[in-house]
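Visitor: Provided below are the primary sequence and the corresponding predicted coordinates.
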Amino acid sequence: MSLITVSGLSISHGDHQALSNVDLNIDKGEIVTIVGPNGSGKTTLLRCIIGALRPNAGEVKRAAGLRIGYVPQSLSIDQTLPLRVERFLSLPRRRAPGDIAAALVQAGAAGLADRQMTGLSGGQFQRVLLARALLENPDLLILDEPTTGLDQPGSADLYAQIEQVRRETGAAILMVSHELHVVMSASDRVICLNGHVCCHGTPEIVASAPEYRALFGTGTHGALALYRHEHDHHHDHENCDHDHTHDHEAHTHA
Ligand SMILES: Nc1ncnc2c1ncn2[C@@H]1O[C@H](COP(=O)(O)OP(=O)(O)OP(=O)(O)O)[C@@H](O)[C@H]1O
């Protein structure tokens, strides 16, 4: 059985329909990446999966006893409050120093226990958040744009760390990423979201799907196309939408 099964999930924020009829499942030990333009509902979907938001329709089924570790997109720390990493990792639940040390090692942040949270670099901060999620001994690790604010080498290092975590712990990974080149190489499956599932499958299938190309283009890994997307889909294919009106070179199929 899957760790997570999402079926027919729809949710609105006020009168804004953020997600419509989303189906998704995550199996043991796989890396699944969600891509999609800004505002396409990626964070909303993750928050439904961890149970922080309730869908208006559909459901999220979790395997019995499933342990989830969640790394949020951002976390603000009071800059005026002294808070050591070790203490941060013991909030809100007290943790044994040995567990904290082990989680920091696994997150590639060994030696940071005594540092101040406010003095960490972006990459170190993300690793501490990863360590915090690992303290849950997760079967499923959920990361919302874990490389936000990191430079390219920093991002590559963090993704390598995440893959190592999967190798060492066997945890499944569900993450949101804008770094499509990395997504393509490291994921077992990719889900392309834009208020609904535009297309999904192995990275190769998604990369060659016209709806993916319409969203992300083919040059500069599609990063620029993220900001040019227009919300004009039709659902006329099992896994895909096929009618986008974009001016991008890749969009020659419409
Ligand atoms: N609490 C909220 N109240 C009102 N609207 C919201 C709320 N949270 C999200 N939204 C809206 O729902 C839509 C989806 O937001 P969400 O944060 O899930 O997108 P996203 O794909 O994660 O975006 P980004 O890539 O910018 O992080 C957006 O239009 C957003 O403005």
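Guide: Sure, I can see it. Residues are numbered from 1 along each chain as shown.
Visitor: how about the residues of the protein that lie near the ligand?
Guide: Among all residues of the chain, those adjacent to the ligand (criterion: CB under 6 Å from any ligand atom) are 13, 14, 16, 18, 36, 38, 39, 40, 41, 42, 43, 44. Backbone N, C-alpha and C define where each C-beta goes, glycine included.
Visitor: what sits opposite the residue nearest to the fifth one when sequence neighbours are not counted in the beta ladder?
Guide: Leaving aside its chain neighbours, residue 36 sits nearest to residue 193 (3.7 Å; criterion: CB to CB, 6 or more residues apart in numbering). On the basis of DSSP bridges, residue 193 is bridged to residue 197.
Visitor: from what I can see residue 193 touches residue 38, true?
Guide: No: contact between residue 193 and residue 38 fails when scored by CB atoms under 8 Å: they sit 11.4 Å apart.
Visitor: between those two, who's got more neighbours?
Guide: Taking residue 193 and residue 38 together and counting by other CB atoms under 10 Å, residue 193 has the greater number of neighbours (23 against 9).
Visitor: picking up where we left off before, contacts only, for the residue nearest to residue 36.
Guide: Remark: with contacts taken as CB atoms under 8 Å, 6 or more residues apart in numbering, residue 193 is in contact with 19, 22, 34, 35, 36, 40, 41, 42, 45.
Visitor: the third one sits in which helix or strand?
Guide: Using DSSP states H and E, the secondary-structure element containing residue 34 is strand 31-35.
Visitor: export that strand as CSV, just CAs?
Guide: Once side chains and other backbone atoms are set aside, the C-alpha atoms of strand 31-35 remain, and they are given as CSV (Å, rounded to 0.1, in the frame of the first residue of the first chain):
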residue,chain,number,x,y,z
ILE,A,31,11.6,10.4,-4.6
VAL,A,32,8.6,12.4,-6.0
THR,A,33,9.0,16.0,-7.0
ILE,A,34,6.3,18.6,-7.5
VAL,A,35,7.0,21.3,-10.0
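Visitor: and residue 23, how many neighbours?
Guide: Number of residues near residue 23 (other CB under 10 Å) recorded here: 14.
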